[in-house]
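Chemist: build me a model from this:
(one chain, ligands or ions: 2)
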Amino acid sequence: MGHDDVVVIDDVGLDGLIGALREAGFEPAGPVVRDGAIVPGAIRGVGDLPRGWHDRQAPGHYRLVHSDDRRYFAWAVGPASWKAAVFPPVQEVWRAWERDGALVVSEPPVAGAPMAVIGARPCELAALAVLDGVLGRPPVADPGYETRRERAFLVVVDCAEPGGSCFCTSMGTGPAAADGFDLALTELDDEAGHRFLVRAGTDRGARVLSALATRPATDAELGAREDLLERARAAMGRSLDTDDLPGLLARNLEHPRWDEVAARCLACGNCTSVCPTCFCSDVRDTTDVTGEVRRTRTWASCFDLDHSYLHGNAVRSSTRARYRQWMTHKLSTWWDQFGMSGCVGCGRCITWCPVGIDLTEEAAAIRASDGTFGPGSTAAGAPTGSARVAP
Ligand code: SF4
Ligand code: SF4
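Modeler: Ligands and ions are numbered 1, 2, ... in the order given. Purely as a prediction, here's the structure:
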C-alpha cells in the first residue's frame, strides 16, 4: 500500500489498529476524559476514547458536554498537549558520583516502551515540529527528546470541530493533517455509516495499515473529507492576521497596549504551562549524603520573576515586560531565532488564561494603531533618541 492511497476502516478496524500497535511493542496513548477535560492518557482500545464528547471553549472558559454522537474525535485540543510525552515536565538529566577517586557521570536511558499516539490533532503535530527546531537540532539535540520523538508512532486525526479559541487556519497548521504523521485519519459519520479514511505518511505507517482489513475510499468519501475540512475552516473561533506580524510587534515594543494587558495579566504562567511549544526549563542540582549528585530539569515559565534573574536583578521585573517577552517571542523573535513561528494557533493560552487574555486580540489592537511606538519612542509616540526598551 502506497503513501497516496486512501483506505477506509470502521470502529473495529480502529480497535485493531490500536491492538496491532500494542503487539508491535508500542504503548498506545490517546485522548481520554479526565477531571472534566479531554487530555492525553493510556488507552487499551476504542472504548477508552472520548466518544460523544464535545468541548465548549472561549477566553477563560472550557466545558465538556456529552451527546449521543458516535464520533470519537469531535472536539478541539484540551489543556494538556503531547509535549509532555517527549519533553517531560520533570526529568533527571544526569547523576554523578565518585568511584576510586574518579568522577563517574551517568545519563539515565529513556525508560519504557515507545509510545503510539492515537488522535493527535494537526496543530499538535505542528507543535512537535516547532519543538524539533528547538530541542531536536543537531549538533546539540536533546538526547532524551530525540529518542522519544524518533520512537513515537503518530496517528493524527483531521480536525472537524474547531474550538472557540482555535486559529490554526491563520497559522497554516490545520485543520487538515498535512505531514509529520505515520497515519492520518478523517472521521466520517453520515448515512453511509461511521468510519475513518486512512492515509499513510511513512513506510512504517503503510506497513501497519497493510496488515488491517481495509477497502479503498470512494470519490464520494474523498469529497466528504473536503467538505468536512471546509466546514472546519469556516468554524475557527478566532483568526490572526499574520501579515508582517514579526515586524509589527518589533516596531511596537513601547505600545501602550502592553500596559493595558499587564493590568489584567496575573503573571500566573498558565499560558506557558498549556502551550505545546513553550520549552523553557530550569535545572536543580541535589546532593545526598553519599556525595551522589543529581541534576533534574523541570519546566519553567518566562512569567516567573526569577526566570530573568541575572546578577542581583530580574531583567524583566514588570508583568508588562514578561507578557511582552512571551507574546513577541511566540509571534516575532521566534522567527529570528528558529526561522518559524513559535505559535501554532491551538488557542490553549486563550482558553486557559484565568482572565481570558487573548493574544489574537492583543495583536489586532496593536495593529490597529501600528507604527508609532517602537524603541526610541515614548508611549505617546514622540521619538526620545534612546533605543532602550522599558522593562
Ligand atoms: S501561543 Fe497560545 S495559541 Fe499559540 S501555540 Fe502557544 S498556546 Fe497555542
Ligand atoms: S496571560 Fe493569562 S495565563 Fe498568561 S500569565 Fe497572564 S493571566 Fe496567566
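Chemist: does Pro50 touch Val32 like I think?
Modeler: Yes - the pair Pro50 / Val32 is scored as a contact, 6.6 Å apart, by C-beta atoms under 8 Å. Heads up, the C-betas are built off the backbone N, CA and C, glycines and all.
Chemist: which one's more surrounded, those two?
Modeler: Pro50 (24 against 18; other C-beta atoms under 10 Å).
Chemist: and the pLDDT for the more buried one?
Modeler: pLDDT, Pro50: 98.
Chemist: next, name the residue at the spatial heart of this protein.
Modeler: Most central in the chain under C-alpha atoms, centre = their mean is Pro276, positioned 2.7 Å from the mean C-alpha point.
Chemist: contact partners for that residue?
Modeler: Going by C-beta atoms under 8 Å, 6 or more residues apart in numbering, Pro276 touches Ser81, Trp82, Lys83, Cys123, Glu124, Ala127, Leu128, Val130, Leu131, Val344, Cys346, Arg348.
Chemist: which residues sit in contact with the third one?
Modeler: It refers to Lys83. Ala127, Leu128, Leu131, Pro276, Thr277.
Chemist: distance of the third one relative to Ala84?
Modeler: Read that as Leu131. 11 Å (C-beta to C-beta, to the nearest Å).
Chemist: more crowded one of these two?
Modeler: Higher neighbour count among Leu131 and Ala84: Leu131, with 22 against 14, using other C-beta under 10 Å.
Chemist: check which helix or strand covers that one.
Modeler: Secondary structure from DSSP states H and E places Leu131 in helix 122-135.
Chemist: what helices or strands is that helix leaning on?
Modeler: Under the contact definition 3 or more C-beta pairs under 8 Å, 6 or more residues apart in numbering; DSSP states H and E, helix 122-135 sits against helix 83-86, helix 143-151, strand 153-157, helix 168-171, helix 334-338.
Chemist: let me see the mean pLDDT of that helix.
Modeler: The average of the pLDDT scores along helix 122-135 is 96.
Chemist: any chance of the helices and strands packed on helix 122-135 in JSON lines, with distance to His66 and mean pLDDT too?
Modeler: As requested, the helices and strands packed on helix 122-135 are exported to JSON lines (distance: least, C-beta to C-beta, whole Å; pLDDT from 0 to 100):
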{"stretch": "helix 83-86", "distance to His66": "26", "mean pLDDT": "95"}
{"stretch": "helix 143-151", "distance to His66": "33", "mean pLDDT": "91"}
{"stretch": "strand 153-157", "distance to His66": "19", "mean pLDDT": "98"}
{"stretch": "helix 168-171", "distance to His66": "25", "mean pLDDT": "98"}
{"stretch": "helix 334-338", "distance to His66": "38", "mean pLDDT": "95"}
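Chemist: alongside ligand 1, which residues does the stretch 251-391 of the chain contribute?
Modeler: Applying C-beta under 6 Å from any ligand atom, we find that the stretch 251-391 of the chain lies next to ligand 1 at Val274, Cys275, Pro276, Thr277, Lys330, Cys343, Val344, Gly345, Cys346, Gly347, Arg348, Cys349.
Chemist: can you pull the domain assignment for the protein?
Modeler: 6-88+106-234, 245-287+300-368 (automatic domain parsing).
Chemist: using TSV, lay out those domains together with distance to ligand 2.
Modeler: Formatted as TSV, these follow (distance: least, C-beta to the nearest ligand atom, whole Å):
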stretch	distance to ligand 2
domain 6-88+106-234	8
domain 245-287+300-368	3
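Chemist: circling back to that earlier point, for Leu222, which of the helices and strands packed on helix 122-135 is the nearest?
Modeler: strand 153-157 (16.5 Å; C-beta to C-beta).
Chemist: okay, the angle between the closest one and helix 122-135?
Modeler: Angle, strand 153-157 to helix 122-135, by axes from the mean of the first three to the mean of the last three C-alpha atoms, to 10 degrees: 140 degrees.
Chemist: partner strands of strand 153-157 and their direction?
Modeler: strand 115-120 (parallel), strand 183-190 (parallel) (DSSP bridges).
Chemist: please identify the deepest-packed of these.
Modeler: Among the strands paired with strand 153-157, strand 115-120 has the highest mean neighbour count (mean count of other C-beta atoms under 10 Å), at a mean of 26.
Chemist: show me the contact partners of that one.
Modeler: Counting by C-beta under 8 Å, 6+ apart, 17-18, 21-22, 26-31, 40, 43, 49, 72-73, 82, 85, 148, 151-157, 181, 185 sit against strand 115-120.
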